[in-house]
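>>> here is my input, please return the structure:
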Amino acid sequence: MFGTIARAWKLPELRKRLLFTVWIIIVFRIGSVIPVPFLDVEALKGLMGNLAEGGAILAYLDTMSGGAFAQATLFAMSISPYINSSIIMQLMGVAIPALEALQREGEEGRKRLTAITRYLTIALGVIQGTAYYMYLRNAQYAGKSIVKYTDGAQGVFVAIIIVSVFTAGTALMMWLGEQINVKGVGNGVSVLLFAGIVARMPDLIHKLAAYVSLAVAYPADYGKYYALVPVFLLIFLVMMWVIVFMNDAERRIPIQYAQRNVGRKVYAGQNSHIPLKVGLAGVMPVIFASSILSIPTLLTFFTKPTGILKTILEAFSVNGWLYMVMYFALILMFAYFYVAITYNPVEMANNLRQSNGTIPGIRPGKPTADYISKILSKVTFLGALFLAFVALFPIIFGRLTSMNNLSLGGTSIIILVGVALETIKQIESQMMMKHYKGFLD
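Modelled structure (predicted):
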């Protein structure tokens, strides 16, 4: 990986793109320390650290924002409204003919869909910002209110300012991500999520050190952490290795090309293959699933639920049993959905027929499309099971060991490794294009 970056640095065009990406990440981190006005940061930090008063509910959101929520800063809502709007647009593109037609209009249609996604992001940002404000308005820590002014006309003005700043932060992050897509390297949204998670690494180290300190101070009660902390680190390293291995794993469909006559020359048939990666959907199913499951938490921000509603929403908390079941199901669903909109077996079969290629033992046309679809389904299922296992294992580990407040879960590990690998591959592809361009010149 570092060798690829070093080689890319020697190329002026790629060096410019790398520097631009680093600059955007620096701007993102600066925005993550600019405080939102009229909020008591110290009281919010205390609330976040108190699991009994709601810190566990907000831990995941704080991780994805790179600690910006706990600091009550400009980027507290992270990029989640943009992710949710993208999910909505993709789902509606399948169900609404007008949006499906836009998807087929090429560049012009893509621009219109992007504009709609931006407006929807702002709308969702206002809703989520209002939810955050309502939660902070009702929350207290050690007798101190998080929001400094809540009554009368002054309270209304403060509410508008806070919600507006939260929404503006989301809009700015969306713009920063789009700039990375155009002028930088990697997927902009994924790179910002990656930067936010990396920024939480010192917090993870601090919490692990705190567990070791507990074991030293109270060996009779917390001596188990002597073994659990090394086990957690070992699992973390093993999971990273497995993610890298599965990212490169692929199912190869053999292809045989018929003998061709080109002018007076006769070209013998060739053997090739279609590579279908196990991780066809990448990290997107995990990002989509976690964003959808953050919605029940937002509902608790508007009001304090009681009775059956409270029980249901608590089950949807990050460590709740219903959360894990739904997380597993949504990862599978989004994996199949992403592959369905990305790969078209019928089109792949038609391309094979036009190039005189066949799958040995399979007739061209519909049988070939059905065969490719069957293989895609199996590969997608295996990849989705792998993603679900990696995403859920740290949650199960936390419930079994009471180490629930660690800021790095399975979702974060998948995003870290997946984004790093995808970015490196994009750099390599751009280096390859540059090489061919120079050769042709």
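>>> any idea how far Ile87 is from the closest residue to Met284 other than its chain neighbours?
Leaving out its chain neighbours, the residue that sits closest to Met284 by Cβ to Cβ, 6 or more residues apart in numbering is Tyr338, at 5.4 Å. For glycine as for every other residue, the C-beta is placed from the backbone atoms N, C-alpha and C. The spacing between Tyr338 and Ile87, counted by Cβ to Cβ, to the nearest Å, is 10 Å.
>>> what's the overlap in contacts for the two?
Among the neighbours of Tyr338, those also in contact with Ile87 (Cβ atoms under 8 Å, 6 or more residues apart in numbering) are Phe288.
>>> can you give me the helices for the stretch 251-400 of the chain?
Secondary structure of the stretch 251-400 of the chain, counting by DSSP state H, counting those that start in this stretch: helices at 284-293, 295-302, 307-315, 321-342, 345-354, 366-401.
>>> now for the fourth one, which elements pack on it?
Where contact means 3 or more Cβ pairs under 8 Å, 6 or more residues apart in numbering; DSSP states H and E, helix 321-342 is packed against helix 80-95, helix 284-293, helix 307-315, helix 366-401.
>>> with only the CA atoms kept, save it in PDB.
Taking only C-alpha atoms (Å, rounded to 0.1, in the frame of the first residue of the first chain), the coordinates of helix 321-342 have been written out as PDB:
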ATOM      1  CA  TRP A 321     -31.100  -8.000  20.300                       C
ATOM      2  CA  LEU A 322     -33.500  -6.500  17.800                       C
ATOM      3  CA  TYR A 323     -30.800  -4.200  16.400                       C
ATOM      4  CA  MET A 324     -28.500  -7.200  15.700                       C
ATOM      5  CA  VAL A 325     -31.300  -9.200  14.000                       C
ATOM      6  CA  MET A 326     -32.300  -6.200  11.800                       C
ATOM      7  CA  TYR A 327     -28.600  -5.300  11.200                       C
ATOM      8  CA  PHE A 328     -28.000  -8.900   9.800                       C
ATOM      9  CA  ALA A 329     -31.200  -8.800   7.600                       C
ATOM     10  CA  LEU A 330     -30.400  -5.300   6.200                       C
ATOM     11  CA  ILE A 331     -26.800  -6.100   5.300                       C
ATOM     12  CA  LEU A 332     -28.100  -9.100   3.300                       C
ATOM     13  CA  MET A 333     -30.900  -7.000   1.700                       C
ATOM     14  CA  PHE A 334     -28.600  -4.100   0.700                       C
ATOM     15  CA  ALA A 335     -25.900  -6.500  -0.600                       C
ATOM     16  CA  TYR A 336     -28.400  -8.100  -3.000                       C
ATOM     17  CA  PHE A 337     -29.900  -4.700  -3.900                       C
ATOM     18  CA  TYR A 338     -26.500  -3.100  -4.600                       C
ATOM     19  CA  VAL A 339     -25.400  -6.100  -6.800                       C
ATOM     20  CA  ALA A 340     -28.800  -6.000  -8.600                       C
ATOM     21  CA  ILE A 341     -28.400  -2.400  -9.700                       C
ATOM     22  CA  THR A 342     -24.700  -2.800 -10.500                       C
END
